[in-house]
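J.: Structure of the sequence below:
(2 chains)
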Amino acid sequence: MKKRTLRSMVAVAGAATIGAGLLAGCSPSSPDEGSDGPVTLSFVSWDPHMDEIVDVWNEENPDIQVELSTPSESADELVTKFITQHQAGANPDIVKVEYQSLPALISNGVVVDLAQYVPDLSSRFDDASLAQVEFEGKVYGVPQDFAPLVFFYRQDVFDSLGLSAPATWDDYAAAARAIHAANPAQYLGTFSAGDPGWFAGLAQQAGANWWSASGDTWTVAVNDAASKKVADYWQGLISEGVIKSDPFWSTQWSAEMNDGTLVGWVSAAWAPAQLPNIAADTAGKWVAAPVPAWTAGDPATGIWGGSAMAVTSDSKHPQQAAEFLEWLNTSDEALSAQISKINVYPAATSGRELPELDAPPAFMSNQPDYYQVVAQVAPNAKSFDIWGPDATVTFGAYRDGFANALQNGTSLSDALDAMQKATVDDMTKLGFTVEE
Amino acid sequence: MSVTSTAPARRPRSLHSTRIAVVLVAPAVILLALFTIAPGVYAFVLSLLQQRVSGGLFGGETTEVFVGFANYAAALGDGEFWASIGRMLLVAVIGVPATVLLAALFALCLDARGARLVGFARIAIFLPYAVPGVIASLLWGFLYLPATSPIGGDVVDFFGSPMIFFAVANIAVWGVVGFNMVILYTAVRGLPAEIYDAAALDGASELQIALRIKLPMIRPAIVMVTLFSVLGALQLYNEPTALRPLANAITSSWVPLMKVYSQAFVENDVYQGAASALVIVVLTVGATVLVNVIGSRISAAAERAE
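T.: Just a heads-up that it's a prediction; the model follows:
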């Protein structure tokens, strides 16, 4: 009898321990701060040195504390994460989101209208920036920066070959051929199948308009003539062998930017903030110039990225979050810090007059008028009328379609047709009204 | 029955052990129900729905609509889905035999008489299993990329069209050979040594002992190792996903699990993803049954021959 009782006691004790362990894992989360105590906001942003700027706010505003977390995912993966987290109601209060992804968040109900919390937001931004965040009379985010396309090239390599900054895309092609002929191990650049936003910027410069809306009807034209012109141009250079076809942001690409295999990069105004992580050995050797034009003298350019900051619908303190964002992206104090630490070109009109823009970013110390070059191209930056509500599908189709085409040597224009079909099919399946 | 005199002494004890058994097994069953069966049922429910917007430029409110088996029809009718299964099978055809053959080879070599540095070799072969899958893939990615490769990546295009399958299979095999070798080595060590003495007396060489005696006697372990490898190959995901940002060779639907992920989380269509995932589950169960049937047929045939 004793043995049996002991054994059963041990069994019951073991089961109870395991059960308690299970329950402990399901303990409720700590309750929210009451409206009397300090409000804590969670903020997700991938800008380097943003923590220093957030510290300034936290010191000046003890009753609204902001906790920054730097994500490890890429910007596109973050959009997917926010949409998924919204279904659990678990999003942070404030998120940084690229302009191209904002409509996808709007159509999934992830972000809220800020006009009700900060009424005079619209007066502080120019039309081009506002067009990226204002839809149907509501303002869904505070524009942070503006990112027109800018062409970066290695001054030393160009000088040694007697080349100057290409003014047209024909000049760019000629420079690419000259560089590769002089040194078969060198290329003027690479065509990235991993960056749909980059290709969209090039298409915008050529006059493409992938999405437009009238009333409640969408018009989708991803494979319009301008986009095909851009695709065919790059296809020509790739098949000649003077432009590589490897994606940006890989270790291979960083190694090639660093050791001089790649001597040019069609990028955007935020590039100097990223270049120290990519090609640290080449600091001070790159020069920025306006992107080559399709017709000589045409100042039009496109946009690659740039982001706004939005308040999520899961936030319990949208008023305070909106106040923080107003300070961060329109006040002189915060914008000066952003320019000098994060190298942003501000979207706010007041920010573009700040004296910090007279000094170049640390990586471009050889070009004191860097921000003047950006200011010169910014007013002519064209974007699409609007970004589609399922831009993530379009971007996924770009990555797969263009990667396959480059790998197998098939037509990039056909990949554009596949992108168009994927986008329209998805929008129709969801129930949007689409006209092609 | 004549057991009435002994039954009363036995019955309480058997009931008692049943109760203890239930209590001890309960946590595992509860966890299985909570984290495997319940999500599976939920995924099935999701796979019967689709999302619809309710008008307005940005869609207003979104609702879920019952669509029957439309998601399954879309998954089964999608050429890209079958292409991804084809690619996964190609990697499996390269990887599974390689894993089983190498694991068996290493296990037999380590058990051979006169083998030196057995302890060191065992650890060295097992070490790749301790490297997390994503890190191993990134490591091999750097070894494959032309710009950073010390193993001739600029001569051989590891990301080219037929080579990419070998490249991916190589990473998977490298990671998992050690684990399977340990299983087979343990099985071989468990064989009675008298058999080897008898065989040596009959004049069998070391090689003949290994191939004619040890290998057939660890057949059940080999079937188990093959089953594990096939299951692992069907769930191929880490290696292609980690290699994807490095080159153009791998798309977002290169293997079925990647397609499920991109449907659910990139295209925001959880419903279609759930349907694709359940189709893969059915195919996986079918493959498991197939491997088991083939394995038992081979065992039965071999036993009849003995």
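J.: need the next SSE after the helix or strand hosting A:Phe324, C-terminal direction.
T.: Using DSSP states H and E, the secondary-structure element containing A:Phe324 is helix A:318-330. Toward the C-terminus, helix A:318-330 is succeeded by helix A:332-337 as the next helix or strand (DSSP H and E).
J.: which is the next helix or strand following that following helix?
T.: Past helix A:332-337, further along toward the C-terminus, the next helix or strand under DSSP H and E is helix A:370-377.
J.: That next one - contacts with which helices or strands?
T.: strand A:149-154, strand A:286-290 (3 or more CB pairs under 8 Å, 6 or more residues apart in numbering or on different chains; DSSP states H and E). For every residue, glycine as well, the C-beta is placed using N, CA and C.
J.: quick one: contacts of the longest one?
T.: Defining contact as CB atoms under 8 Å, 6 or more residues apart in numbering or on different chains, one finds that strand A:149-154 is touched by A:165-166, A:188, A:201-202, A:205, A:260, A:263-269, A:271, A:275, A:282, A:285-292, A:301-304, A:373-374, A:377, A:381.
J.: Would you mind listing which of those residues are buried?
T.: Among these, the ones that count as buried by 16 or more other CB atoms under 10 Å in any protein chain shown are A:165-166, A:188, A:201-202, A:205, A:260, A:263-269, A:271, A:275, A:282, A:285-292, A:301-304, A:373-374, A:377, A:381.
J.: Identify the residue nearest B:Gly133 in space, chain neighbours excluded?
T.: Taking CB to CB, 6 or more residues apart in numbering or on different chains as the measure, B:Gly133 lies nearest to B:Asn238, with 3.9 Å between them; neighbours along the chain are not counted.
J.: again but with B:Leu234, I slipped
T.: B:Leu234 sits nearest to B:Thr284 (CB to CB, 6+ apart), 5.0 Å away.
J.: part of a helix, is the one you found?
T.: Yes: when DSSP: H, G, I helix; E, B strand; the rest coil is applied, B:Thr284 is found to be in a helix.
J.: Relative to B:Met88, how far out is it?
T.: Counting by CB to CB, to the nearest Å, the gap from B:Thr284 to B:Met88 is 11 Å.
J.: Over to A:Asp171?
T.: Using CB to CB, which is the criterion applied here, A:Asp171 is 47 Å from B:Met88.
J.: Worst mean pLDDT across the helices and strands of chain A, which element?
T.: helix A:2-25 (a mean of 53; mean pLDDT, DSSP states H and E).
J.: what's the burial count for the residue nearest to B:Leu234?
T.: The criterion is other CB atoms under 10 Å in any protein chain shown. On that basis, B:Thr284 has 15 neighbouring residues.
J.: That one is in contact with B:Val230, isn't it?
T.: No: the pair B:Thr284 / B:Val230 is not scored as a contact, 9.1 Å apart, by CB atoms under 8 Å.
J.: Would you map the strands across the chain?
T.: I went with chain A, as the question did not name one. Here chain A has its strands, by DSSP state E, at A:39-44, A:64-69, A:94-98, A:134-135, A:138-139, A:142-143, A:149-154, A:211-214, A:217-220, A:264-268, A:286-290, A:307-311, A:433-435.
J.: Chain B was what I was after
T.: If you assign secondary structure with DSSP E, the strands in chain B sit at B:49-53, B:62-66.
J.: so what does the last one touch, helix or strand wise?
T.: Just to be clear, that refers to strand B:62-66. Applying 3+ CB pairs under 8 Å, 6+ apart, one finds that strand B:62-66 makes contact with strand B:49-53.
J.: need the contact list for the nearest residue to A:Asn329 once chain neighbours are set aside.
T.: The spatially closest residue to A:Asn329, leaving aside those adjacent along the chain, is A:Val142, at 4.7 Å (CB to CB, 6+ apart). Residues in contact with A:Val142, defined by CB under 8 Å, 6+ apart, are A:114, A:118, A:121, A:133, A:308-310, A:325-326, A:328-330.
J.: Also A:Arg399?
T.: A:193-194, A:196, B:251-252.
J.: Make JSON lines from those residues and add distance to A:Lys81 to it.
T.: Below are these laid out as JSON lines (distance: CB to CB, whole Å):
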{"residue": "A:Ala193", "distance to A:Lys81": "23"}
{"residue": "A:Gly194", "distance to A:Lys81": "19"}
{"residue": "A:Pro196", "distance to A:Lys81": "18"}
{"residue": "B:Thr251", "distance to A:Lys81": "21"}
{"residue": "B:Ser252", "distance to A:Lys81": "16"}
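J.: who wins for neighbours among those?
T.: Ranked by neighbour count under the definition other CB under 10 Å, these are headed by A:Ala193 with 27 neighbours.
J.: ok, that residue to chain B distance?
T.: A:Ala193 is 5 Å from chain B, where distance means CB to the nearest CB, to the nearest Å.
J.: measure that residue to B:Ala247 for me?
T.: The span separating A:Ala193 from B:Ala247 equals 10 Å under the rule CB to CB.
J.: joint contacts of the two?
T.: Overlap of the contact sets of A:Ala193 and B:Ala247 (by CB under 8 Å, 6+ apart) consists of A:Pro247.
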